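Novice: prediction below, plus the sequence it came from.
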Amino acid sequence: MALEKKSSKENKQNLLEINLRKERNKRRKAEKKLREIERQYRLVFDYAPYGLMRINKEGVIVEANVQVAKIFGLRISECLGKHFSIFNYLMPKKTFSFISKRFKKRMKGEQTISLYGLQMRDVKGNILDLEINVKVIKEGKRIKGELVVIRDITEQKRIERELKESEERFRTFIETASDLMHIADENGDFIYVNQAMAKALGYTKKEMIGMHITNILSPEVLEKRFKNNLKKLIKKGEINIETVWVTKRGRKIYVEGKVVAVYDNKGNFMGSRAIFRDVTKRKRTEEKIKKFYKALEEKTETLEETKASLEIKVRARTKELRELAESLERQVKERTRELQERVEELAKTKAELELKIREMERFHKMTMGREERILELKKRIKELESKLKRAHIKEEY
């Protein structure tokens, strides 16, 4: 009996030792796991890319990582054990009042905004854009404090502002541009058109949003070219095209431009962007030029035919004139011969006349002295008669 009791006691002691070893092993594993969790927590907390602060219920900063110090230009030692009001000089009074009121409400268990943005300054006075996310820490139902996550989004905000300004400049540019611009989705519906395009087609921008691109294409383009152009666009990514649009009133306008396809990350076609120019005046001028050249070609053909006809007539007339010239030449020769004979006769007559003239001149010379003497005698007779008359008168008295 004594041996049995001794053996039973030993067994109980052994079993107790085994249980104790198991408990110690469990505790060691739990402690190891807890240390690992603590290590991971410290890694996450200390090396997080954003600022982390743990604040107790009284508002005292219990923990803060290096990112908090980096954001505000402080040392961690300047933050730990201090009330979060140490940051009040880095923000406007209204902002600090906003933060304080909401902290008090959360510590009372009231619901408040947990994610918000605000502006603060670092110790150098640089303006910071911050995103604050607050998580209340509880043990059971008891509120112990809160974890504050601070993300410095200054650069992000700067990029957003620049992007917005760029978008505004781009929007201003496309809205004031004379070129016709639009954006269409994968179904071909307009999701954006600029003012120039809406005006050219006679619609308002509101009327065109949601309109399918085929609604502005001319029937011949829609029937013959639209599907092929769409296939080329999806395959090549961009195309240069000339097409014909129809305005709200049914008038055709000719346009030319470039269409660029838009794809998602997987390469799926998501729509298109396009810029066109109204070339209606140029096209109409080209058509007038074509008509002019066609008429010119017809006139040229008519002129060629007329030229050929005239050449035939000219050749016939030339032949007639040649024959006439030959006839005239013969007549001239005959007339010349007759004239030469007449000249010879006239020369002979001239010689005879000259001879007679010379004879008359000799006779004139012979008679000219006699006439003078007769005249003198007549004059003398008149003088004598005058004297006789005067003498006769005197005798009468």
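Specialist: Sure, I can see it.
Novice: confidence score at Lys29?
Specialist: pLDDT recorded at Lys29 is 75.
Novice: can you report how many residues lie near it?
Specialist: Number of residues near Lys29 (other Cβ atoms under 10 Å) recorded here: 10. C-beta here means a position set from N, CA and C on the backbone, and glycine is covered the same way.
Novice: same check on Glu223?
Specialist: By other Cβ under 10 Å, the residues close to Glu223 number 10.
Novice: same question for Pro92.
Specialist: Pro92: 13 neighbours (other Cβ under 10 Å).
Novice: which strands or helices does the host helix or strand of Asn133 pack on?
Specialist: Using DSSP states H and E, Asn133 sits within strand 127-139. With contacts taken as 3 or more Cβ pairs under 8 Å, 6 or more residues apart in numbering; DSSP states H and E, strand 127-139 sits against helix 66-72, helix 93-107, strand 115-121, strand 142-152, helix 154-176.
Novice: format these as JSON lines; extra columns: mean pLDDT and distance to Val343.
Specialist: What follows is these, written out as JSON lines (pLDDT from 0 to 100; distance: least, Cβ to Cβ, whole Å):
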{"stretch": "helix 66-72", "mean pLDDT": "88", "distance to Val343": "135"}
{"stretch": "helix 93-107", "mean pLDDT": "90", "distance to Val343": "137"}
{"stretch": "strand 115-121", "mean pLDDT": "89", "distance to Val343": "131"}
{"stretch": "strand 142-152", "mean pLDDT": "92", "distance to Val343": "131"}
{"stretch": "helix 154-176", "mean pLDDT": "83", "distance to Val343": "99"}
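Novice: can you tell which of those is closest to Ala48?
Specialist: Closest to Ala48 of those, according to Cβ to Cβ: helix 66-72, at 6.4 Å.
Novice: which residues does that closest one contact?
Specialist: 46-53, 74-76, 78-79, 87, 90, 120, 122-123, 128, 130, 150, 152 (Cβ atoms under 8 Å, 6 or more residues apart in numbering).
Novice: now Ile253: closest residue in space that isn't a chain neighbour?
Specialist: Thr280 (4.7 Å; Cβ to Cβ, 6 or more residues apart in numbering).
Novice: how many other residues sit next to the one you found?
Specialist: Residues near Thr280, counting by other Cβ under 10 Å, number 15.
Novice: next, count neighbours for Asn88.
Specialist: Asn88 is flanked by 16 other residues according to other Cβ under 10 Å.
Novice: which secondary structure state does it sit in?
Specialist: Of the three states, Asn88 takes helix under DSSP: H, G, I helix; E, B strand; the rest coil.
Novice: which elements pack onto the helix or strand harbouring Glu305?
Specialist: Glu305 belongs to helix 280-396 when assigned by DSSP H and E. Identification of packing neighbours for helix 280-396 by 3+ Cβ pairs under 8 Å, 6+ apart yields strand 252-263.
Novice: buried ones in the strand it packs on?
Specialist: For strand 252-263, a neighbour-count test (16 or more other Cβ atoms under 10 Å) marks Ile253, Tyr254, Val255, Gly257, Val259, Ala261 as buried.
Novice: stretch 216-228 too?
Specialist: Ile216, Leu217, Ser218, Val221, Leu222, Arg225.
Novice: as CSV, these with pLDDT would be great.
Specialist: Below are the buried residues of stretch 216-228 laid out as CSV (pLDDT from 0 to 100):
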residue, pLDDT
Ile216, 94
Leu217, 93
Ser218, 92
Val221, 88
Leu222, 86
Arg225, 88
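Novice: so which of those comes closest to Ser178?
Specialist: Nearest to Ser178 among the buried residues of stretch 216-228, counting by Cβ to Cβ, is Ile216 at 18.3 Å.
Novice: so what does the closest residue to that closest one other than its chain neighbours look like in phi/psi?
Specialist: Take Ile216 and drop its neighbours on the chain: the residue closest to it by Cβ to Cβ, 6+ apart is Trp245, 4.8 Å away. When read as degrees, to the nearest 10, the backbone of Trp245 gives phi -100, psi 160.
Novice: roughly how far apart are Trp245 and Asn215?
Specialist: 10 Å (Cβ to Cβ, to the nearest Å).
Novice: try Gln13
Specialist: Gln13 is 96 Å from Asn215, by Cβ to Cβ.
Novice: which one of those two has more residues nearby?
Specialist: Neighbour count, other Cβ under 10 Å: between Gln13 and Asn215, Asn215 has more, with 15 against 10.
Novice: please parse the chain into its domains.
Specialist: Following automatic domain parsing, one finds the domains of the chain at 48-159, 177-278.
Novice: before we move on, back to that, now the helices and strands packed on strand 127-139 as a markdown table including mean neighbour count and distance to Glu286?
Specialist: Below are those laid out as a markdown table (neighbours: other Cβ atoms under 10 Å; distance: least, Cβ to Cβ, whole Å):
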| stretch | mean neighbour count | distance to Glu286 |
| --- | --- | --- |
| helix 66-72 | 18 | 66 |
| helix 93-107 | 15 | 67 |
| strand 115-121 | 15 | 59 |
| strand 142-152 | 18 | 61 |
| helix 154-176 | 12 | 28 |
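Novice: how about low-confidence regions in the stretch 201-350 of the chain?
Specialist: Low-confidence segments of the stretch 201-350 of the chain (pLDDT under 70): none present.
Novice: residue contacts, Met197?
Specialist: So Met197 contacts Leu180, Met181, His182, Met208, Phe276 (Cβ under 8 Å, 6+ apart).
Novice: pretty sure the third one is in a strand, no?
Specialist: It refers to His182. Yes. His182 sits within a strand when classified using three-state DSSP.
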